[in-house]
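> Sequence and predicted model, in that order:
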Amino acid sequence: MFAIDGKSKTCDGRNDRHPAADYHDCMPRLSVIIPTHRRSVILKRCLDHLERQTTVKQIEVIVVSDGRDEETRRVVSDRRSAMSIPMTCIDVAPCHQGTARNRGVMEATGDHVLFIGDDIFLARDACEKHFATHERLADQTKLIAHRSPLIAVLGHTTWDPAVGITDTMRWLETSGWQFGYPMIERYAHGFVPARFQHRFTYTSHISLPRAVALAHPFREDVTLYGWEDIEWGLRLKNAGLKLFYEPDAKALHHHHMTLEDSLRRVETLGRSARVMEALNPALHVMPRGWKRMTYDILSLLPTIRGRHAQAFMRGVAHGER
């Protein structure tokens, strides 16, 4: 299933888990899975925030390195020695983040997994909020339906002010091109309607039962960046999973983005739209009919929104060739 360079191994080359596993009275309740690619400096800060979690004794961390990187291995090895959290680092052959997440899930031992990015800084009680929400909803569901629930918990993520927030970043946070939390604000502490919940399965900060993640892995036949989260979320929705939005599980996204950065990303999304829709025709991400006409009209505007529409349609045109 995975292109892996040899056996799973920790960053110091051993085929075992962190000795802090003995520090736990039981198996971890939450496995935090972090794909990364040659970003050791930011990864270290991400790990520092995990060490400060209020429920540090109940989590494990699995770092999945896209390609062997000595600096990443050094950072994780150093943190393994200093932290009281069981930590595993896996090297995988160059791949997309979905494949890396799948490999992390296979290594996980917690009842639930939490996907975050290597530039996501969790608030001290974020992990606690995640599994407390899962436990509360499980108890409620069992009382009503006498069965375990299929539920994912979406936390709230906003830009880290420390990186310097640009006008483009502010627009991205409200437009849905990066995050669309304002669109689901009315569903805070509740379930996002099934008809569009898949558009909010942000893998930068989402948790779900490990068994569900194992049964419904990310696609590994993706060739371009974009739409992996939504495609995965659509399959989860079709399998009966519900998405619960817990805004009290907070995180900061430590990533500076200029207008030019964002336009390049959106153009890539346009290029990959046709590819992903061919893989899953139910995805409906290609603009057609009135939607395409709207994008064409917006592309004429000299605004941030207009320039993003133009970049997206440029990518779509490239993908159609």
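Nice, thanks for sending it over.
> What segments of the stretch 201-321 of the chain are strands?
205-209, 242-253 (DSSP state E, counting those that start in this stretch).
> Tell me which residue lies nearest the centroid of the chain.
Geometric centre of the chain, nearest residue: Thr203, 1.7 Å, by Cα atoms, centre = their mean.
> Grab the nearest non-local neighbour of that residue.
Using Cβ to Cβ, 6 or more residues apart in numbering and skipping the chain neighbours, the partner closest in space to Thr203 is Phe115 (4.5 Å). In short, each C-beta sits where N, CA and C put it, glycine included.
> continuing past whichever strand or helix holds that neighbour, what's the next helix or strand?
Per DSSP states H and E: Phe115 is located in strand 112-116. Next in sequence after strand 112-116, counting helices and strands by DSSP H and E, comes strand 120-122.
> just the strands of the stretch 201-321 of the chain: most buried one?
strand 205-209 (a mean of 24; mean count of other Cβ atoms under 10 Å).
> Tell me the confidence at the closest residue to Ala152 other than its chain neighbours?
Spatial nearest neighbour of Ala152, excluding adjacent residues (Cβ to Cβ, 6+ apart): Leu208 at 4.0 Å. Predicted confidence (pLDDT) for Leu208: 97.
> Leu208 contacts Val153, doesn't it?
Yes. Counting by Cβ atoms under 8 Å, Leu208 sits close enough to Val153 to count as a contact (7.3 Å).
> other SSEs contacting the strand holding Phe115?
strand 30-36, helix 97-107, helix 126-145, strand 205-209, helix 210-215 (3 or more Cβ pairs under 8 Å, 6 or more residues apart in numbering; DSSP states H and E).
> Parallel or antiparallel, which strands does it pair with?
Using DSSP bridges, strand 112-116 pairs in its sheet with strand 30-36 (parallel), strand 205-209 (antiparallel).
> want to throw the ones you listed into TSV with distance to Gly104?
Shown next, in TSV, are the strands paired with strand 112-116 (distance: least, Cβ to Cβ, whole Å):
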stretch	distance to Gly104
strand 30-36	4
strand 205-209	13
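> For Met27, give its distance to Glu60.
9 Å (Cβ to Cβ, to the nearest Å).
> what about the residue lying closest to His255 once chain neighbours are set aside, neighbour count?
Excluding its sequence neighbours, the residue lying closest to His255 (Cβ to Cβ, 6+ apart) is Asp119, at 4.9 Å. When neighbours are counted by other Cβ atoms under 10 Å, Asp119 registers 20.
> so who does Asp119 touch?
Arg39, Ile42, Cys46, His253, His254, His255 (Cβ atoms under 8 Å, 6 or more residues apart in numbering).
> what stretches of the stretch 101-250 of the chain score poorly on pLDDT?
141-149 (pLDDT under 70).
> Show me the protein divided up by domain.
Structural domains assigned to the chain are 19-257, 260-320, following automatic domain parsing.
> so what's Pro94 up against?
Pro94 touches Asp66, Gly67, counting by Cβ under 8 Å, 6+ apart.
> swap that for Val113, sorry
Applying Cβ under 8 Å, 6+ apart, the residues near Val113 are Leu30, Ser31, Val32, Ile33, Gly104, Val105, Ser207, Leu208, Pro209, Arg210, Ala213.
> Quick check: closest non-adjacent residue to Val63.
Cys89 (4.6 Å).
> Are we agreed that that neighbour is in a strand?
Yes. The assignment for Cys89 is a strand, going by DSSP: H, G, I helix; E, B strand; the rest coil.
> picking that back up, ok, what's across the strand from the residue nearest to Thr203?
Going by DSSP bridges, Phe115 forms beta bridges with Ile33, Ile206.
> That one is in contact with Ser207, isn't it?
Yes. Assessed by Cβ under 8 Å, Phe115 is found in contact with Ser207 at 7.3 Å.
> Need the residues touching each of Leu208 and Val153.
By Cβ under 8 Å, 6+ apart, no residue touches both Leu208 and Val153.
> Make TSV from the contacts of Val113 and add distance to Arg199 to it.
TSV is the format used below for these (distance: Cβ to Cβ, whole Å):
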residue	distance to Arg199
Leu30	25
Ser31	25
Val32	24
Ile33	22
Gly104	23
Val105	22
Ser207	18
Leu208	16
Pro209	21
Arg210	24
Ala213	19
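> Identify, from the residues you listed, the entry nearest to Met293.
Leu208 (37.2 Å; Cβ to Cβ).
> Would you mind listing the buried residues in whichever helix or strand Arg79 is part of?
Assigned by DSSP H and E, Arg79 belongs to helix 70-82. By neighbour count on 16 or more other Cβ atoms under 10 Å, the buried set for helix 70-82 is Thr72, Arg73, Val75, Val76, Ser77, Arg79, Arg80.
> what do you get for stretch 175-185?
Trp177, Gln178, Phe179, Gly180, Tyr181, Ile184.
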